[in-house]
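In: missing the sequence, but the structure's below:
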């Protein structure tokens, strides 16, 4: 069997499986489960690099494989998955699809560029990265769940869809915009994830998503 199989990539694979399951949930209209899968994939991504670095005797091939497999999984988890989720959440107009296509293209460009520059950086230094160039593609694992939870305070579902359009467009642009983004600390990430998780639990049964199927049926009947 080709590939490298050790504990350094297990969390990355778990993240990938979570997103694949989330895609099926999104297609079936189980939005809360889909968004939960996206958030869980992001949580896994927080630790995969740290786990990989605990193995001190990694060969150059194993390091290169780790960079490639992480980016390939990232484009599925935080590129393709949010596109499917966005489409199922109402981004189905012609301009909506154009935004989703741009988001996907920007994500691919960003990851390809990251792979090139990260391989170069690792050949020059062993220090951990402190800054990102552009917004990390994994940021959607926080932005989408936060927007999803915050939408309970919006006047209506259409406002959420409108903001979702703006978020996908802006985030896609920030993927390829050349600016320095400070890498969050572990404590900051834990607090951010905890806040989103608590809000999600508090409003789980009160959000518009509890009536999502009814909303879609009414829209279909009106059309």
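Out: Arrived safely. Because the structure is predicted, anything quoted here is derived from the model rather than measured. Numbering: from 1, shown residues only.
In: which residue ranges form the helices in the protein?
Out: 10-27, 31-52, 60-75, 81-88, 94-124, 140-150, 157-176, 186-202, 212-222 (DSSP state H).
In: what are the buried residues along the third one?
Out: When neighbours are counted by 16 or more other C-beta atoms under 10 Å, the buried residues of helix 60-75 are found to be 63-67, 69-71, 73-75. For the C-beta atoms, the positions are set from N, CA and C on the backbone; glycine is no exception.
In: for the first one, same thing?
Out: Of the residues in helix 10-27, those buried by neighbour count under the rule 16+ other C-beta under 10 Å are 11-12, 14-16, 18-23, 25-26.
In: redo the helices of the chain as TSV? Include distance to residue 134.
Out: TSV is the format used below for these (distance: least, C-beta to C-beta, whole Å):
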stretch	distance to residue 134
helix 10-27	21
helix 31-52	16
helix 60-75	13
helix 81-88	17
helix 94-124	6
helix 140-150	13
helix 157-176	6
helix 186-202	18
helix 212-222	33
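In: show me where pLDDT drops low in this structure?
Out: Counting by pLDDT under 70, the ranges of the chain that qualify are 122, 126, 128, 201-223.
In: out of the buried residues of helix 10-27, who's nearest residue 58?
Out: For the buried residues of helix 10-27, the residue nearest residue 58 by C-beta to C-beta is residue 12; the value is 14.3 Å.
In: contacting residues around that closest one?
Out: For residue 12, the contact set (C-beta atoms under 8 Å, 6 or more residues apart in numbering) comprises 44-45, 48, 69-70, 73.
In: what sits against the closest residue to residue 161 other than its chain neighbours?
Out: Spatially, and ignoring its direct neighbours in sequence, residue 161 is nearest to residue 90 (4.1 Å; C-beta to C-beta, 6 or more residues apart in numbering). Contact analysis of residue 90 by C-beta under 8 Å, 6+ apart lists 96, 157, 161, 164.
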